[in-house]
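Participant: Sequence first, then the predicted structure, then my questions.
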Amino acid sequence: MAARPPLTARRPLRSLGVLLNGRGWLLGFGTETAGWFVYAAALALAPLSLVQGVSASGIAVLVGACANARRARARRHLSERLTPFIRFG
């Protein structure tokens, strides 16, 4: 992976350009935006307490599973690696 120039508040437009040229950043930002829209749709369809509970428990399970797999140095199947994107995408 090539080294990127540092992000700095002194040169905001350059920093923005660095981010927008990064494929990983754009993918993450797009995924986060899609997740936000799904969350907003869920709030329109269900009570806040239900949406927050389901969201928090799902995130906790995914973080725990990923941390456990990294600790065990286990190779994960493709479907396991795609689960966060399927769950929240």
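Facilitator: The structure has been received and is ready for your questions.

Participant: Whatever helix or strand Gly24 lives in - contacts with which helices or strands?
Facilitator: Under the criterion DSSP states H and E, the helix or strand holding Gly24 is helix 23-45. Using 3 or more CB pairs under 8 Å, 6 or more residues apart in numbering; DSSP states H and E, the elements in contact with helix 23-45 are helix 48-72, helix 78-88. For the C-beta atoms, the positions are set from N, CA and C on the backbone; glycine is no exception.

Participant: Please point out which parts of it sit buried.
Facilitator: Gly35 (16 or more other CB atoms under 10 Å).

Participant: and the angle for it with helix 48-72?
Facilitator: 150 degrees (axes from the mean of the first three to the mean of the last three CA atoms, to 10 degrees).

Participant: quick one: Gly64 from Gly28, how far?
Facilitator: 21 Å (CB to CB, to the nearest Å).

Participant: Then Ile59?
Facilitator: 15 Å.

Participant: same check, this time on Ala65
Facilitator: 19 Å.

Participant: One more: Ala44?
Facilitator: 25 Å.

Participant: do Val61 as well
Facilitator: 20 Å.

Participant: Give me the neighbour count for Gln68.
Facilitator: Just to correct that, residue 68 is Asn rather than Gln. 10 (other CB atoms under 10 Å).

Participant: does the residue of the chain most remote from its centre count as helix, strand or coil?
Facilitator: Outermost residue of the chain with respect to the C-alpha centroid, by CA atoms, centre = their mean, is Arg10; its distance is 27.5 Å. Secondary structure, DSSP: H, G, I helix; E, B strand; the rest coil: Arg10 is coil.
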